[in-house]
Structure formats: C-alpha cells, structure tokens
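**Q** Give me a 3D structure for the following:
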Amino acid sequence: MKLSCLQENLSKGLNIVGRAVATRTTLPITNNVLLATDRSQLKLSATNLEIAISCWIGAKIESEGSITVPARLLNEFVNSLPAEKIDVSLAPKGRALEFKCARYDARISGMDADDFPPIPEVKSGQKVKLEPDVLRQAITKVAFAAAVEDSRPVLTGVLMEFDGDQMTMVAADGFRLAVQKAKVATKVQDSFTVIVPARALLELGRLLADQTDPVEITISANKSQILFLMKNVELVSQLIQGTFPNYKQLIPANSVTKTTVDVGEFLKATKAAAIFAKDASGIIRLQVMPAEGGKGDGARMNISGRSEEIGDNHTDIDATVAGDASKVAFNSRYLSEVLAVLEKGKIVLETSSPSSPGVIKQEGKDEYIHVVMPMFVQW
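**A** I've put the predicted structure just below:
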C-alpha cells in the first residue's frame, strides 16, 4: 500500500471513525482502525462490534493495500503533524505502516486487516431518506431519555416508527418519555418499526452536523442491522430485538392545569433550584399560581429547591395559566435535560395532580411530547 493525503483530511477522518473504536474489549484488534484503499480513496473503519463507522477521504493512491493500527496512537500522531501532505506506505506483507510529513517520520506497528472484524454490509431491505437537520433534531430531543442500565435492553434503545411520510422517534427509561414526530424525505410503502441503540443514534447525531445531503436509512431484510448512509460516511448498528412498551398509553389524555412559560427562564430557575436540591435526591418543587380571579396579569410559577443542611431557594417566573393552581415535584436532572434541548420560546407544562405525570410541549407545536414522572414529597 502506498498513498498520500492531506493531514487535515486524515485527522478529520480519524476523528469521525474514532467514536466507534472499542474502549473496553476482549478483542484487542477492535482498539485499532482499519486503513484500506477503496474507490480510489482511503477508507478508514472502526467497530466496537455494536456499531461500525466507515469514512472515505481523498487520497492519491499509488498501490493498493490494507492494515490495522492502534487508533488512539495514530490519531494523536496525525494531530501532532503540520497541515501538509502525508505520505503513507506499507511494505508488501509488512505489518508496520510508515508515515512521512514534512520533517516528521514514523513507523507504527499494526495487525493484519484480515483479522479485523468484518464491517457489516446492509445493501438490501427497507429504505427511507431523511433530511440531516430533521434527523439530528429528533435525535437531540429523544435519545437522552433512553435508559442507560441494561436491565431492560429495549429501553436502552430508541423506537423508530415509519409510516407513510412520517417518522416517530420514541425513548423511555421508566421515569420519562420523549416522543418526536418528523417528516421523511421519501414515503415508505409499508410501515415498519425498529429499535436502535441510543448510543448509536447519539454518535450519528454528531456526524450529522457536517451533512447537507439527505441521509439514506436501510434496514436489513431480517431487521438485525441498520445502515445510515451519508456523504463519505457510513454508520452501521445492530438493532435491539424485543417489544417496546406501548408509549401511547403513557401519555396523559387530560390535564387540570396548563402553564405556559419561557423555556430559557424555566431552565435557569431549574438549574438554580438544583443546586439546593443536591442533598435531597435532586427534588425540585413547582407551584403554579394563576392570576387573582383567574384573569389578567400576575400568574406565576415558583420553582424551589431545599435541603435541611444547606438551605433553600425560590424563583418566580412569569406564566400564563389556564386552569387551577397546582403543585408538583420533579427530579431536577430530568427536568433540566428536556428544557435544554427545546427550542427558544414558550413551552406548555400540563399537570393534573402532585401524583400525576407532567407533560411538556412546545407552544403551538404538537411534534414533540415529553412526559416526566413526579416525585412524591411532603408539601
């Protein structure tokens, strides 16, 4: 193998695939990145056996070949080089990759490419296209709500439903539920659902920041793998098998109080209350007080946090209230995480009682719904 490429391109490519490099593994070669000539370009690939990312970068190929080398070492070395051309060479049947850039010279010992786990190919199956911004925003608003613990594997994933020209993305961890609806770029003929690991979608979200072309999604015929095809980048992930909970049953149909507030003010007040709630299981209290007589200005929401040892704090923010006064307590982390991903403007908090879930929506929009379970406290 003999080729040359620009330092900045190689560095960018290594950063992209580096997210899929295994960190804790019993298979040492998954700590490596695969370099191979392909399509008259340099192909970089990495996998942790759950997800695999491949990236193609421009290169002048003089002779074909492939090798795997330690990903972290290669990334650190390439980032230390000047922004100039890098000459890369591998002797026939050799296992040491040689790099030359300006006055820098290095040899990195590697392992045979044949020993690298095969990168799954998903060529046939159901296909759908989404605009990158639409997909990235859906991931941002939903994936964080998936479970981290593996006690219920399906909850570590995100349900993706495709029906006609609509995609619904759903995540839940037993304490909260996030649902986002979005339009797809190409209609699907037959509706279908898959459960994608949240970790895979979070990595995809990072990759989508640089994408402008529609993302093509392919689900394998046996629904075991999913491929996200972008410009010069591919991400393949295993799918989670199992039955996702009926999320529609978890969304309250009615509410007693609807409180409209500014999302920025609500988030600041929540963060302030969280400081005082650290020693109290992160519990913050919300009290909604309609205007006197139920009309005019003066409605407000009070957000508070308190701890016996530290003290307490209270913040009032302006609100528009439809319905009765209400009290409810939430986990500060769950509340701040959803407020942080919402768009600027007004949000609506729907509540029924201190023991009922709260529902958060963006004012005037029905594409996103977030349900948060309440915390039980003494008022």
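
**Q** Wasn't Gly205 part of a strand?
**A** No - counting by DSSP: H, G, I helix; E, B strand; the rest coil, Gly205 is not part of a strand but helix.

**Q** how near is it to Pro117?
**A** 24 Å (Cβ to Cβ, to the nearest Å). Glycine gets a C-beta too; all of them are placed from N, C-alpha and C.

**Q** swap in Thr47?
**A** 6 Å.

**Q** Am I right that Leu239 is in contact with Phe192?
**A** No - applying Cβ atoms under 8 Å as the test, Leu239 and Phe192 come out as separate, 11.4 Å apart.

**Q** Those two: who's more crowded?
**A** More crowded of Leu239 and Phe192, by other Cβ atoms under 10 Å: Leu239, with 19 against 15.

**Q** Report the mean confidence score over stretch 214-230.
**A** For stretch 214-230, mean pLDDT rounds to 94.

**Q** end to end, how far does it reach?
**A** 7 Å (Cα to Cα, to the nearest Å).

**Q** shared neighbours of Leu239 and Phe192, anything?
**A** Common neighbours of Leu239 and Phe192 (criterion: Cβ atoms under 8 Å, 6 or more residues apart in numbering): 219, 223.

**Q** since we're on the nearest residue in space to Gly282 that is not next to it in sequence, how many residues are nearby?
**A** Nearest residue to Gly282 in three dimensions, chain neighbours excluded: Ser332, at 4.6 Å (Cβ to Cβ, 6 or more residues apart in numbering). The number of residues packed near Ser332 is 25, by other Cβ under 10 Å.

**Q** Repeat that for Ser220.
**A** 19.

**Q** Kindly report the same for the one 5 residues further on.
**A** Gln225 sits with 19 neighbouring residues when counted by other Cβ under 10 Å.

**Q** ok, now the one 5 residues further on?
**A** Each residue near Met230 was counted by other Cβ under 10 Å, and the total is 20.

**Q** Was I right to think it contacts Pro132?
**A** Yes - Met230 sits in contact with Pro132 when judged by Cβ under 8 Å, with a separation of 7.5 Å.

**Q** which neighbours do those two share?
**A** The contact sets of Met230 and Pro132 overlap at 208, 211, 213, 215 (Cβ under 8 Å, 6+ apart).

**Q** Show me the two of those residues that sit farthest apart.
**A** Largest separation among the shared contacts of Met230 and Pro132 by Cβ to Cβ: Leu208 and Asp213, giving 10.7 Å.

**Q** ok, these two, which is more surrounded?
**A** Taking neighbours as other Cβ under 10 Å, Leu208 and Asp213 compare with Leu208 leading, 24 against 11.

**Q** Tell me how far the more buried one lies from Ala146.
**A** 18 Å.

**Q** Then Glu161?
**A** The value you get for Glu161 to Ala146, if Cβ to Cβ is used, is 15 Å.
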